[in-house]
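> Fold the following and give me the result.
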Amino acid sequence: MKTRKILFGTAYYPEYMSCDRMDEDIRMMKAAGMNTVRIAESTWSTLEPRENVFDFTYIDEVLEKTQEAGINVIVGTPTYAVPPWLVRKDPEIMVETKKGRARYGHRQLFDLLNPTFRCRAENVIRHLVSYTAGYAHVIGFQIDNETKHYGNTGKYMQEAFRRYLREKFVTTERLNEAFGLAYWSNSIADWDDFPDIRGCVNGGLMAEFEKFRRTVAADYLAWQARIVSEYKRDDQFITHNLDFQWKKFGADIAQDGYSYGVQPDLNHYEAAKCLTIAGTDIYHPTQDELTGAETAFCGDIIRSLKDDNYLVLECQAQAFKYWTPYPGQLRLHAYSHLASGAQGIMYWNWHSIHSGYETYWKGLLSHDLGTNPTYEEACRIGQEWKKLGTALCKMKKNNRVVLVVDNHSLSALEWFPIDKDLTYNDVVRWMYDSLYEMNIECDVVDINALEPDRYDMIITPALYCITEEMLKKLDTFVKSGGVLVSSFKSFVADEYVRVYPDTQPHLLQECFGMSCNQYTEPGRTKLTGRQVRYIAELLNPDKNAGTERLAMYEHKYWGAYAGITRHEYGRGCAYYIGCYTDKDVLKEVYKKAAADAKISVPLFSWPVIMRSGVISSKAEGADRTLHYILHYSEEEREAPCPFTAARDILNGREYRSGDNIRLRDWDVLILEEL
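Numbers count the residues shown, from 1 in each chain. Purely as a prediction, here's the structure:
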C-alpha cells in the first residue's frame, strides 16, 4: 500500500439496517476522523438474490456517498457466507466433517473444493470486482473472510489428499514407511486401498492431512487473488483478514473468547503469499483483563509474514458487556496496534445491528445509533491521527529476537498432548507473554520462513516436529554466536511426526550440552521454590561439556536431574527449559539469554510496555526513532525516561535521562528520540 496515511475506519453494513441513515452515518464517520470503510464481504444473498441476477443498489449508494465525502472503500468478496439458492442448487456445497454434513444457516460451512461453489463464487467475484475496481476511492479488496478449511473431510478433499500422497511418495511402500503404517495393520499395498481418512488413528498421517487442508485453504485464497488481479488497478491492494485460534471460556459460544494463538486451520505464512498487504482480525480481553498481550502477539505474527506493515481489518469497539472499554482504553487499543506496526485499524462494526446472530456484538454505535462515550473516544483518536498525518505511518522494526511457531507441531501435539490442560498455543503464549512483559520485542515467524542469520536470539516453544536440515541450521546458528532458548517437547520428531530413534534433543545434544530420555508428571516437584506443572523432562547435563545447571528439580527422586540448563557452544549459547513453571522463572532465563545476546532489557516492565520502531522520512532526510509507552493499568505511576532526550509527539513535552514520566490510567505516550 503506497499511501503514508493511517487508515482509520469501520466495517459498514447499511443493508442490515431497517432505516435509511447513510447520510447521518457518513457525517458521524467524518466527525470521527474516519477515512475508510469496508463493505460487501458478508452479503452474497443481497448482491445476488437469485442465480445470476445481481442487485448492486446498496453498493452504488455506498460508493456514491463515500466518494462525495472523501472516504476510501475496501471491497470484500462475499464468498464466506453462501446464499440459500446455492445450497438448493447443490446440497453438497455444505461442508462434510467428521460430524457429518453441515446444515445451512451459519457462515463458513461450505466445501471450498466443491466445483459448483467454485463456479458460482468466481461469478460473483468477477461481477463485484469488475463493477467496483474503476472507482478511484476503492483502494483495495479483501478476499473472503477469516478463511480456514472448516474441518473439511468431504469427498473432494479426500480425493485431493490421496492424489497429493501419491505424487509425494510415489509408492505405497514409501508411504507406509514414512508414517509407520504397519502399526495396527494400517499399511496398504495398493493406492486403491487407502481408507477414508475419518477413521485414521495415525497421528503422523493425520498431521499430514491437517497440513494438506491448510494448504488447500491457502490455495483457495490464492485462487481468489488471481481473479481479483485481473481487474484491480496497480494502486489497489489485495488483503485478507487472517484470524487466530480462539481462546474459549465455558460455553462454546463466540462471546466467550478472544484471539489467542496460532491458527490451527490455516497456515498464515502460506496464505499471505498471495496478498499485497497482510491483514488481520484481533479481539482481546479488556476492562480489568486488558494486558495488550494479544494485540502485540497477533500483530507481531502478521507483521512478520511479509516483514512489513499490515492492516487490522477488524478490532473491537464495544462488542460484549465485558469488552465495553473503560475511558481511555479504546485509545490505548488503537495506539497499541500502531506500536506493533499496523498501518491502520477498522472497527467491527459501525452500528450495532438489530437482528441476527451477532445482535449483541455491539459496534461503535449502540443500538440507538447515537453518540456514546466509545464513539466519542474514537473521535479523539481520529482527530489525533488526522493531525499527526504521516508522523506515525509505516513504522518499521528491526528486532533481534524471533519466536518460532509451527502449525505442524501444533497438529502433532493435538494427537500427542503435552498434558490435557496444556496445549501447544499455551506454551507459545507462555514464552511470548514473558518476553512481552519484559519489553523484549520479537518477531513471530513460521518455522518455514525462519532465517536464523537475521537474529541474535531464537526462541522455540514446543517445536516438536523439525527436519534435520533445520536442526543443522540451529546448530550452526549457535556455533556462530547466536543464543537459542528452547522449551520442553522441542526437537522430538521429524516432518512425518516419527519420533527420532535416539536420545533427545535430536542432533542438538552437543549444542545444549545435555540429553534427556525420560519425562514425568511433576506431582510435588518444584523448581527454585516454584511449583512445576504439566510436565518435567529429566535433563542430564554433560559434566564434561561444562553445562550449567541453572535450576535443579526439588524432589526426593527427580532432584538428581536439571530442569533448566545453559551451555556455551562455539561462540554462542543454548538454553533448554525442561518444564513448565512460573513466568518469573522463565524471565530470569530470558535475562541471562538477553545478556548473552548483548540485548538490553528496559528497566521497567508490564504494565508499562514500550514498543519501538523507525520511520524513514525522505522529506526530513533522516530516520526518526519512536518509542510507544503504553500503560495497561488504572493505577497512576511513574517510569524513568530511558533515553538521553526525547519528546512526546502527542503533547510536545520533553524528557531527559533521569526524569520520571508520569503515566495516567490507560495512558499513551509516543517518545521521539532527540
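
> Surely Y628 forms part of a strand?
Yes: the assignment for Y628 by DSSP: H, G, I helix; E, B strand; the rest coil puts it in a strand.

> How about it: what's its closest non-neighbour residue?
Leaving aside its chain neighbours, Y628 sits nearest to A339 (3.7 Å; criterion: C-beta to C-beta, 6 or more residues apart in numbering). No exception for glycine: its C-beta is placed from N, CA and C like everyone else's.

> can you check K386 too?
In this structure, K386 finds its nearest non-sequential neighbour in G33, 4.6 Å apart by C-beta to C-beta, 6+ apart.

> ok, that neighbour - contacts?
8, 379, 381-386 (C-beta atoms under 8 Å, 6 or more residues apart in numbering).

> List the residues that contact W184.
For W184, the contact set (C-beta under 8 Å, 6+ apart) comprises V201.

> Most neighbours among the contacts of G33, which one?
Neighbour tally across the contacts of G33 (other C-beta atoms under 10 Å): the maximum, 24 neighbours, falls on W385.

> What distance do you get for that one to L365?
W385 sits 20 Å away from L365, going by C-beta to C-beta, to the nearest Å.

> what's around the residue lying closest to K583 once chain neighbours are set aside, how many residues?
When the adjacent residues along the chain are set aside, K583 lies closest to S434, with 4.7 Å between them (C-beta to C-beta, 6+ apart). By other C-beta under 10 Å, 21 other residues sit near S434.

> before we move on, what about the one 3 residues further on?
A total of 19 residues lie near E437 under the criterion other C-beta under 10 Å.

> I figured it hits S605, correct?
Yes: proximity of E437 to S605 meets the contact threshold set by C-beta atoms under 8 Å, at 5.6 Å.

> Mind exporting the C-alpha coordinates of stretch 345-358 to PDB?
Provided in PDB are the C-alpha atoms of stretch 345-358 (Å, rounded to 0.1, in the frame of the first residue of the first chain):
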ATOM      1  CA  ILE A 345      -7.400  -0.100  12.100                       C
ATOM      2  CA  MET A 346     -11.100  -0.900  11.200                       C
ATOM      3  CA  TYR A 347     -13.700  -1.400  13.900                       C
ATOM      4  CA  TRP A 348     -16.200  -4.200  13.700                       C
ATOM      5  CA  ASN A 349     -18.500  -2.800  13.100                       C
ATOM      6  CA  TRP A 350     -20.000   0.700  12.700                       C
ATOM      7  CA  HIS A 351     -23.500   0.300  14.200                       C
ATOM      8  CA  SER A 352     -24.900  -2.400  16.400                       C
ATOM      9  CA  ILE A 353     -27.400  -4.400  14.300                       C
ATOM     10  CA  HIS A 354     -30.900  -5.000  15.500                       C
ATOM     11  CA  SER A 355     -31.400  -8.700  14.500                       C
ATOM     12  CA  GLY A 356     -29.400 -11.700  13.600                       C
ATOM     13  CA  TYR A 357     -26.700 -13.900  15.300                       C
ATOM     14  CA  GLU A 358     -24.500 -11.000  16.300                       C
END
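
> if you average pLDDT over that stretch, what comes out?
Across stretch 345-358, the average pLDDT comes to 94.

> need the contact list for Y628.
Taking C-beta under 8 Å, 6+ apart, we find Y628 in contact with 335-336, 338-339, 609-612, 668-670.

> can you check L305 too?
With C-beta under 8 Å, 6+ apart as the criterion, the residues that contact L305 are 242, 268-269, 272, 278, 449.

> one more time with 6 Å
268, 272, 278 (C-beta atoms under 6 Å, 6 or more residues apart in numbering).

> Check the gap between the nearest residue to Y13 once chain neighbours are set aside and F320 for me.
Spatial nearest neighbour of Y13, chain neighbours left out: N349 (6.3 Å); criterion: C-beta to C-beta, 6+ apart. Going from N349 to F320 by C-beta to C-beta gives 14 Å.
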